[in-house]
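**Student:** Got a predicted structure here, sequence first:
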Amino acid sequence: MARKSRIAENAMSIISAKEGAYKTAVYVRLSTEDLDEDTLDNQIYLLKSFVGEKTDMVLVDIYADNGFSGTNFERPEFTRLMNDVKTGKVNCIVVKDLSRLGRNYIETGNLIENVFPFLNVRFIAVTDNFDTNEGGGVENMVASFKNLVNDVYAKDISRKIITAFRTKQKNGEYIGLVAPYGYLKSAENKNKFVIDEKTAPAVKKIFELYAGGYGLDRIARIMNESDYDCPRKYRYSIGITKSDRYKNSKWGRTTINTILTNRAYIGDMVQGKVKQELCNNIVMHYTNKDDWIVVEGTHEAIIERNLFFEVQDILEKKKTEQAVRRKNSKSREYKEENLLKGRIKCGCCGKSMNLAQNVRGNSISRSYYCSGYKELREAVCTNKNRINKSSVESKVLESIKKCIFNNIDESSLSLEIADKNTQDIKKRMVQIERAIRQTNSKIADLYKDVSDGLIDENDYLLMKTKFLNDKKQLEREEKLLSDNMKKTSDSAGKLRAADYLKKCKKAKKLDRKMVESFIELVTINDDKSIEITFSCCDEILRKLEG
């Protein structure tokens with residue numbers, strides 16, 4: 001027995017659609033390979049001007065994919081555009097040229113020649129003088145040829161770049177932007193490393209310290225007390241990087257670990273850790289270690305091979321030991337939420353105060369500590385204190401209650417209860433929203449039904465028209481109800497705020513909502529004193545009335 005259409009089965013009487021201006025979408029795209037002058041802003045300006053001059057078009061929305069290749073159609077804004085086409089929001093698409101739609105010949109051609117005509121969508125490529133409402137056979141042939149050229153061009157360029165880069169990598173030539181710390185790019189050959197006499201001793205010192213039993217944090221502190229700038233600060237000082245945010249950078253455990261695991265320091269070139277191939281629709285991703293391109297002896301070594309691999313063994317051993325400790329630790333079973341996360345800082349260095357939760361036997365300790373002092377010690381901070389989590393939370397809760405009593409006029413929130421029909425209106429609006437979603441789904445399903453041969457094109461157009469009119473009627477009713485709701489929303493919000501303030505005054509424990517509603521910042525000073533900065537009263541009420 002043949003399967004029946006999901007949509008046709010429920011179709012009612014057909015209502016003819018009103019004729020009017022094309023509901024036009026402007027679609028722009030820019031990939032990393034495009035020229036600087038062909039910016040998204042330039043494309044948008046051109047297309048908005050084009051649509052604005054047309055009496056038979058009205059601009060509905062702008063869809064912009066920035067940094068996405070035209071070789072595939074897995075682009076967020078293009079997906080949103082096609083969804084709007086299927087639900088009837090858009091029936092005309094305007095692009096700058098055919099390559100903005102896509103560089104994949106087969107898929108782009110299918111859209112222009114089959115999908116758009118079937119969905120009754122007008123398609124215009126402005127600079128190519130292509131319009132599906134005006135084009136005939138010759139124009140379609142030209143469009144198809146341009147699509148083919150775009151497709152071949154994109155894939156050819158991608159293959160050439162990939163081939164050139166792979167050849168360089170296999171020959172041991174460096175294709176990155178910046179040489180590892182301890183090296184510089186050769187002035188004669190930018191694809192080769194030469195030792196930087198200013199920083200190479202720092203690399204040797206780091207390896208020797210770690211092999212001698214020093215930990216990552218301790219090495220970072222030693223390096224910060226030395227005359228050697230960390231990689232970011234050094235590159236800023238010699239003009240390789242320009243951003244001022246790097247001028248006061250410090251050594252940290254991550255930087256130390258990066259240096260200790262880099263094979264460049266024994267004279268080997270390791271590349272291909274990240275892979276991307278536009279021509280084969282392969283997105284950027286990290287590769288397996290077995291797929292890395294390793295060429296030994298490409299440049300002068302800073303570290304002896306024996307020392308380097310001795311350090312790797314120590315790193316791996318410590319990594320395994322840490323994994324075992326984490327697995328056997330009971331701290332996760334007793335872990336509590338860090339209610340002040342993102343809002344608690346050290347008053348000495350401004351770094352975040354982190355929460356430590358430790359289990360020793362039957363004893364559980366939870367305390368805040370300065371992340372700056374823990375990692376870099378006196379080089380950046382003198383706040384050695386650890387302060388009990390519950391003490392801080394009790395202080396914050398007490399301060400919130402005082403803030404409510406002293407600064408917030410609750411009488412201003414004691415307004416009349418909203419209109420008695422509010423709940424009925426809300427209930428009906430939920431029903432309308434559900435009905436609109438169902439209608440959108442029905443419109444989208446029509447396309448699958450006709451593709452499966454369950455309905456023909458005429459039935460598709462008739463039912464689509466009917467569902468679009470149903471949707472318009474629901475949207476009109478929704479707007480009327482929304483206007484009525486706005487009249488009571490302010491008083492309803494004030495009632496919610498008043499109710500929550502009463503709960504806060506009676507609360508015995510702090511929660512995250514209180515922190516987000518009231519607290520701007522909690523500062524822990526090196527004398528263990530606590531300073532609490534509140535949001536302004538208007539901002540607090542705005543959040544609570546939300």
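**Tutor:** Great, that's in hand. The shown structure was predicted, so the numbers you read here are calculated from the model rather than taken from an experiment. Numbers count the residues shown, from 1 in each chain.
**Student:** pLDDT-wise, which helix or strand of this protein ranks last?
**Tutor:** helix 137-170 (a mean of 67; mean pLDDT, DSSP states H and E).
**Student:** what stretches of the stretch 1-150 of the chain score poorly on pLDDT?
**Tutor:** Residue ranges of the stretch 1-150 of the chain with pLDDT under 70: 1-19, 32-38, 105, 135-150.
**Student:** And the helices in it?
**Tutor:** 40-52, 76-86, 98-101, 105-110, 116-118, 137-170 (DSSP state H, counting those that start in this stretch).
**Student:** before we move on, back to that, beyond the least confident helix or strand of the chain, next helix or strand please.
**Tutor:** The helix or strand immediately downstream of helix 137-170 is strand 183-185, counting by DSSP states H and E.
**Student:** Okay, now the sheet partners of that next one, with direction.
**Tutor:** Using DSSP bridges, strand 183-185 pairs in its sheet with strand 193-195 (antiparallel).
**Student:** which one of the helices of the stretch 1-150 of the chain is the most hemmed in?
**Tutor:** Among the helices of the stretch 1-150 of the chain, ranked by average contacts under mean count of other Cβ atoms under 10 Å, first place goes to helix 98-101 (a mean of 24). Yep, even glycine has a C-beta here, placed from its N, CA and C like the rest.
**Student:** Count residues in the vicinity of residue 243, would you?
**Tutor:** The local packing of residue 243 (other Cβ atoms under 10 Å) involves 8 other residues.
**Student:** what's near enough to touch it?
**Tutor:** residue 236 (Cβ atoms under 8 Å, 6 or more residues apart in numbering).
**Student:** Phi, psi for it please.
**Tutor:** phi -70, psi 130 (degrees, to the nearest 10).
**Student:** and what of residue 180?
**Tutor:** Residue torsions, per degrees, to the nearest 10, at residue 180 are phi -60, psi 150.
**Student:** Relative to residue 312, how far out is the closest residue to it other than its chain neighbours?
**Tutor:** Using Cβ to Cβ, 6 or more residues apart in numbering and skipping residues adjacent in sequence, the residue nearest residue 180 is residue 264, 4.7 Å away. Applying Cβ to Cβ, to the nearest Å, the value for residue 264 to residue 312 is 14 Å.
**Student:** Sheet partners, orientation included, of the helix or strand that contains residue 354?
**Tutor:** Residue 354 is part of strand 353-360 when elements are defined by DSSP H and E. Taking DSSP bridges as the criterion, strand 353-360 sits next to strand 363-370 (antiparallel) in its sheet.
**Student:** tell me the average confidence for the helix or strand following the strand it pairs with?
**Tutor:** Downstream of strand 363-370, the next assigned helix or strand under DSSP H and E is helix 371-376. In this model, helix 371-376 carries a mean pLDDT of 80.
**Student:** Also stretch 468-485?
**Tutor:** 84.
**Student:** Next, the buried residues of it.
**Tutor:** By 16 or more other Cβ atoms under 10 Å, the buried positions in stretch 468-485 come out as 468, 469, 470, 471, 474, 478, 481, 485.
**Student:** Tell me who's in contact with the closest residue to the third one other than its chain neighbours.
**Tutor:** Yep, that's residue 470 we're talking about. If you skip the residues right next to it in sequence, residue 470 has residue 439 as its closest partner in space, 5.6 Å away by Cβ to Cβ, 6+ apart. Residue 439 makes contact with 467, 470, 471, 474 under the criterion Cβ under 8 Å, 6+ apart.
**Student:** And residue 439, what's its pLDDT?
**Tutor:** 84.
**Student:** Can you point out the buried residues in the helix or strand containing it?
**Tutor:** Assigned by DSSP H and E, residue 439 falls within helix 422-451. Buried residues in helix 422-451, counting neighbours by 16+ other Cβ under 10 Å, are found at 422, 425, 429, 432, 435-436, 439-440, 442-444, 446-447, 449-450.
**Student:** Going toward the C-terminus from it, what's the next helix or strand?
**Tutor:** Following helix 422-451 toward the C-terminus (DSSP H and E): helix 457-506.
**Student:** Which elements pack onto that next one?
**Tutor:** helix 389-407, helix 422-451, helix 537-545 (3 or more Cβ pairs under 8 Å, 6 or more residues apart in numbering; DSSP states H and E).
**Student:** And the buried residues of helix 422-451, which two are furthest apart?
**Tutor:** 422 and 450 (43.1 Å; Cβ to Cβ).
**Student:** and which of the buried residues of helix 422-451 is nearest residue 22?
**Tutor:** Nearest member of the buried residues of helix 422-451 to residue 22, counting by Cβ to Cβ, is residue 443, at 18.0 Å.
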